[in-house]
Structure formats: C-alpha cells, structure tokens
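> Quick one, structure for this:
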Amino acid sequence: MDNIITYTASEARKNFYTLIKKASKGLSSYEINLRGASPVVLIGKAELESWLETLDILTSKDEVAAVKKGIASKKITSHKDLLSELGLK
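Prediction:
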C-alpha cells in the first residue's frame, strides 16, 4: 500500500461500500476526516494484522535479537526447503 486516499466523512459515506471492498482486498487505504474529530483510517483486516505482528516483533527484544542474528548469519533457505523443514511438503 503506497498511499492513503483522503475523504471527508460525507464523501466516504457516499462511497462506503466501494471503500470497504477495496480496503478488504488490500488495494487501498483511506483516511476519513470528520470535522472536529481525529481522522480515522480504513484498512483491510489482513493489513492491520500484518502491522500488529510487525509491531509485536519490533517490541520484543528476543525477537529483534533473533532477526539480527539471522541476518548476520547470512543463511538463506529456499521456500521449498523451508516447507520441507516445517513438514509441510
């Protein structure tokens, strides 16, 4: 998702079904402004879950250390090998 498209609350209301449909497919995200209130953002659930997972990883010292160790080791595993290691193939 490269950019956020901004709508007023009135504009969003007129196009709400379309906005939900596009956001749910991960095609777009939308900032909706209501006069006198803090803006809200409409994004797909998968996008939100991805951001929350990233935030969770970045706030865990152990996980950050594991990621740094993995990067430093320069060990690369192919998708095929990873599936095999996990018993998924």
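> quick one: the spatially most central residue of the chain from residue 73, how far?
Most central in the chain under Cα atoms, centre = their mean is residue 47, positioned 3.0 Å from the mean C-alpha point. Taking Cβ to Cβ, to the nearest Å as the measure, residue 47 falls 30 Å from residue 73. No exception for glycine: its C-beta is placed from N, CA and C like everyone else's.
> for residue 17, same thing?
Here the criterion is Cβ to Cβ. By it, residue 17 lies 48 Å from residue 73.
> Can you spell out the domain ranges of this protein, please?
The chain breaks down by automatic domain parsing into domains covering 4-45, 51-85.
> what about the residue nearest to the centre of the chain, which SS state?
Put simply, residue 47 is helix when judged by DSSP: H, G, I helix; E, B strand; the rest coil.
> residue boundaries of the strands in this structure?
For the chain, the strands defined by DSSP state E occupy 4-8, 29-33, 40-42.
> What pairs with the first one, parallel or antiparallel?
Okay, so that is strand 4-8. strand 29-33 (parallel) (DSSP bridges).
> Many thanks, I have nothing further to ask.
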